[in-house]
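Engineer: got a predicted model here, sequence first, then my questions.
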Amino acid sequence: MTQSTLKMKNITIDFPGVRALDDAQFSMNTGKVHALIGANGAGKSTLMKVLSGAYTHYTGEILLNNKKIEIRSPQDAKDLGIQIVYQEVDTALIPYLTVGENIMLNKMVNGMGKRQFIQYSQIHKEASKLLEELNINVSSRRLVRTLTLAEKQMILIARAISRDCRFLILDEPTAPLSSAETERLFEIVRQLRASNVGIIFISHRLQELFEICDEITVMRNGKFISHDRIGEVTIDSIVEKMLGKQMEEQFPTVERDIKDKIFEVEHLRDDEKVEDVSFHVCAGEVIGLAGLVGAGKTEICKALFGESSHLEGTVKMHGRALKIRNSNQAVHYGLALVPEERRKEGILVGENVKTNLTSANLSYFSHRFSFLNFRKERKVSTEMVERLGVKTPSIETKLANLSGGNQQKIAIGKWLIADADVYIFDEPTKGVDVGSKKDIFTLILELAKRGKAIIYASSELTEIVGITDRSYVIYDGKVVKELQTDKTTEEQLLFYSTGGRD
């Protein structure tokens, strides 16, 4: 097979108030899996958006097989065999079309442009063949809206390679996947590598990079830092390059007083995934809802926040029974939810930092007759940005222009302003780098120190062990075990998370 070489030299790009890339470099060959990593805001996603044609106002050179090429649109990139699968898979697929139609979408659009009839039988035949080659067990005639998140991701990969694909960019592909789904993805990646496709793999899960990647490039503050073979580095050395300093203890120690029980859930169930769930949390305490992806943790969190259409059971705050029928009532009773899907449910990506930070507590920023106090908005937002360590040119910057870690800090910050009694965090470190993770852990423990009750739902069992006081293990929508976390190991959590019984 003929090997292709890709090089990006001196790539620089500016956005209002910030230089996102500063003489960035990147190089790789086909037939390799190449990790591209860095802290949130390092510029890795921006660099890949340049390569895929999403950002066109850059300076520098891109070379394919040592010949300069121009990529000034997504079509330019596709014509050169460069494809990208973004982290937000739902926005890249058309839910009311079938799997086959989504995979062969480019062919369908091109056919329509030439005033040709679409031959659906041929569309499904070609799509089915591609699915079979990739060992993806999904019918080409299923509607995309019926697929799991993992299946949608596989469909996007199939679409990317449905035409000539020399380089495939995967942006945080494993963030929403279970361990079994991740291994299935890795099988496809290995298959593509064997077919001489070059895979650019962006991930914050450093351990998995050592399992699937051949080479690794580190970026920091928009600049190239290093390019190594994966066997020549360690996780500690990579983290040090990412952060520019040695990584301190990931889980901070914050002295707290755990006081009286303030939030109780008894026999909670709904028509969906929640099955007879009971737990409690005290003031100053962090409890974990531990379980694998799909166990029902998110459904429990949403049910507590008024997202369930039919809910049974008892929810009490300070001994008082609550009837939470919607999120507005949940906020009124003193609950706050930082959801797993921050871009869909936790923030307004098209609005600025200030608007997002103040959105959960508008009454606090209002004059009489509901007019907003803009000076108060600016003052509090500026203070919160400084307190959270958010990297942003200003409070007027749109959240769409911030990194994932900084977006997550804003999703948390709006509830700090609202000053709730019970904070529910659903996978709060998803897609967040190691440095920002520690910032988030510190914020959560500081809330507990102030006497807040914290519910921490996560499939990252290391985090459950590192940050919680007690843990409730969720399996198939049920609480199957309560554990004292300081007397618990990850292995025990995994045992019960996979259906193990005493």
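Structural biologist: Received the coordinates, thanks. Numbering: from 1, shown residues only.
Engineer: use CA for all of it now, contacts and neighbours both
Structural biologist: Will do.
Engineer: okay, now the unreliable bits of the protein?
Structural biologist: Along the chain, the model assigns pLDDT under 70 to residues 1, 109-117, 246-248, 368-370.
Engineer: surely residue 160 and residue 168 touch.
Structural biologist: Yes - with contact defined as CA atoms under 8 Å, residue 160 counts as touching residue 168 (7.5 Å).
Engineer: shared neighbours, the two?
Structural biologist: 83-85 (CA atoms under 8 Å, 6 or more residues apart in numbering).
Engineer: in what helix or strand does the residue lying closest to residue 37 once chain neighbours are set aside lie?
Structural biologist: Distances taken as CA to CA, 6 or more residues apart in numbering put residue 218 closest to residue 37, at 5.1 Å, once the chain neighbours are dropped. Taking DSSP states H and E as the criterion, residue 218 maps to strand 215-220.
Engineer: for that strand, what is the distance to the chain centroid?
Structural biologist: 20 Å (CA atoms, centre = their mean, to the nearest Å).
Engineer: and that strand, what does it pack against?
Structural biologist: strand 33-37, strand 223-229, helix 235-243 (3 or more CA pairs under 8 Å, 6 or more residues apart in numbering; DSSP states H and E).
Engineer: what residues does that strand touch?
Structural biologist: Everything outside strand 215-220 that qualifies as a contact, by CA under 8 Å, 6+ apart, is 26, 32-39, 41-44, 224-230, 238, 241-244.
Engineer: one step back: in CSV: the shared contacts of residue 160 and residue 168, plus neighbour count.
Structural biologist: Formatted as CSV, the shared contacts of residue 160 and residue 168 follow (neighbours: other CA atoms under 10 Å):
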residue, neighbour count
83, 27
84, 24
85, 20
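Engineer: export those residues to a markdown table and tack on distance to residue 124?
Structural biologist: Listed next are these as a markdown table, based on distance: CA to CA, whole Å:
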| residue | distance to residue 124 |
| --- | --- |
| 83 | 22 |
| 84 | 23 |
| 85 | 22 |
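Engineer: from these, which is closest to residue 432?
Structural biologist: residue 85 (18.3 Å; CA to CA).
Engineer: any idea what that closest one is bridged to?
Structural biologist: On the basis of DSSP bridges, residue 85 is bridged to residue 170.
Engineer: and if you look at residue 201?
Structural biologist: Beta-bridge partners, per DSSP bridges, of residue 201: residue 35, residue 170.
Engineer: count the residues that sit near it.
Structural biologist: 23 (other CA atoms under 10 Å).
Engineer: surely it is in contact with residue 34?
Structural biologist: Yes - between residue 201 and residue 34 there is a contact at 5.9 Å, judged by CA under 8 Å.
Engineer: overlap in contacts of those two?
Structural biologist: Residues touching both residue 201 and residue 34 (CA under 8 Å, 6+ apart): residue 213.
Engineer: wait, residue 175 touches residue 431, no?
Structural biologist: Yes - in this structure, residue 175 is within contact of residue 431 by CA under 8 Å, at 6.1 Å.
Engineer: so if I had to pick from the two, which one is more boxed in?
Structural biologist: residue 431 (23 against 16).
Engineer: buried set for stretch 343-359?
Structural biologist: In terms of neighbour count (16 or more other CA atoms under 10 Å), stretch 343-359 has its buried residues at 343, 346-349, 352-359.
Engineer: wait, which of the residues you listed is closest to residue 313?
Structural biologist: The nearest member of those to residue 313, counting by CA to CA, is residue 346 at 26.2 Å.
Engineer: how about that closest one, what does it touch?
Structural biologist: 338-340, 411 are the contacts of residue 346 under CA under 8 Å, 6+ apart.
Engineer: sitting in strands, which of the residues you listed do you find?
Structural biologist: residue 338 (DSSP state E).
Engineer: want to try a markdown table for the contacts of residue 346, with distance to residue 187 and neighbour count as columns?
Structural biologist: Shown next, in a markdown table, are these (distance: CA to CA, whole Å; neighbours: other CA atoms under 10 Å):
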| residue | distance to residue 187 | neighbour count |
| --- | --- | --- |
| 338 | 33 | 23 |
| 339 | 30 | 23 |
| 340 | 26 | 21 |
| 411 | 34 | 25 |
